[in-house]
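Engineer: this is the structure alone, sequence omitted:
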């Protein structure tokens, strides 16, 4: 019989909080929710939306490079109907379906909001910050679409019609500008408004505050643009064939650009609320630390 006592140490991890080395480190996609005040969301939703938008615009440009000059100069040719009118139908139908799905998503109830209202009687600061970040992400996509429409695709449209003869309103430039790029940021503005109205109705956009003027400007820009496109095409077809940007017929597009500046008004409305939410987080942490 051994004259010594052997003690076996239990090496299983002790219950309790993990050491810093064991905790999951925050990344650009998943910020450390317990360590960073104001980190109520991640970059992932924005990067997904950005990738889809840039992918659509890149497809438009590549398609034009391949088929605009070879299949897009005669609207009466069979190839025109095959390569351009079919592209018009597919593109318009796809964007309408995608926009409708996104608007339905924007109006969908948030289960976290419902649960927090039932449990706490309010939306917690972290979660409201997440909703504000999604609205900001949608506004950035709106601005990217606005830039693409007003600069790259818009300039291309004018140069195309100065070189090629316009024999139809559905030119290779118009199909992806008027029925592609314009609807992208038009739908984005509608989705952003519906999302903000639905998920920030308890604070920034409460119904008793009335309809926000900032969103009147943002939505008015897209609506006015589609109206002026119709006026522009009618006048170019029957009255003014000139395609110079300085022509009075194009002055209406400046109004659309000024109205789109309402995106900054939305930012100025939501930014103070983010600061309020961060102050609430600090107070809650101080109270939790004092009671611990």
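Structural biologist: Yep, that arrived. Since we're looking at a predicted model, the values are computed, not measured.
Engineer: any stretches of the stretch 1-150 of the chain with poor pLDDT?
Structural biologist: 1-41 (pLDDT under 70).
Engineer: where along it do the strands fall?
Structural biologist: Applying DSSP state E, counting those that start in this stretch to the stretch 1-150 of the chain gives no strands.
Engineer: how about the helices of it, start to end?
Structural biologist: 44-71, 78-80, 86-106, 111-120, 125-147 (DSSP state H, counting those that start in this stretch).
Engineer: what are the buried residues along stretch 48-63?
Structural biologist: Neighbour counts over stretch 48-63 (16 or more other Cβ atoms under 10 Å) mark 49, 53, 56, 57, 60, 63 as buried. Quick note: C-beta positions are derived from backbone N, CA and C, even for glycine.
Engineer: which two from these end up farthest apart in space?
Structural biologist: 49 and 63 (21.6 Å; Cβ to Cβ).
Engineer: just to revisit the earlier point, out of the helices of the stretch 1-150 of the chain, which is the most enclosed?
Structural biologist: helix 125-147 (a mean of 21; mean count of other Cβ atoms under 10 Å).
Engineer: tell me where the model's unsure across the stretch 151-292 of the chain.
Structural biologist: 241-243, 292.
Engineer: what about the helices in it?
Structural biologist: 153-163, 172-176, 182-199, 213-238, 252-260, 262-291.
Engineer: looking at those, which is nearest to residue 78?
Structural biologist: helix 172-176 (15.6 Å).
Engineer: which helices and strands sit right next to the closest one?
Structural biologist: helix 44-71, helix 86-106, helix 153-163 (3 or more Cβ pairs under 8 Å, 6 or more residues apart in numbering; DSSP states H and E).
Engineer: could you dump those helices to a markdown table with distance to residue 276?
Structural biologist: A markdown table is the format used below for the helices and strands packed on helix 172-176 (distance: least, Cβ to Cβ, whole Å):
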| stretch | distance to residue 276 |
| --- | --- |
| helix 44-71 | 23 |
| helix 86-106 | 24 |
| helix 153-163 | 39 |
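Engineer: of all these, which lies closest to residue 175?
Structural biologist: Across the helices and strands packed on helix 172-176, closest to residue 175 is helix 86-106 (Cβ to Cβ), at 4.8 Å.
Engineer: so who does residue 203 touch?
Structural biologist: 123, 128, 273 (Cβ atoms under 8 Å, 6 or more residues apart in numbering).
Engineer: okay, now the closest residue to the second one other than its chain neighbours: neighbour count?
Structural biologist: With Cβ to Cβ, 6 or more residues apart in numbering as the criterion, residue 128 has its nearest non-adjacent residue at 5.8 Å, and that residue is residue 277. Counted by other Cβ atoms under 10 Å, the residues lying close to residue 277 total 22.
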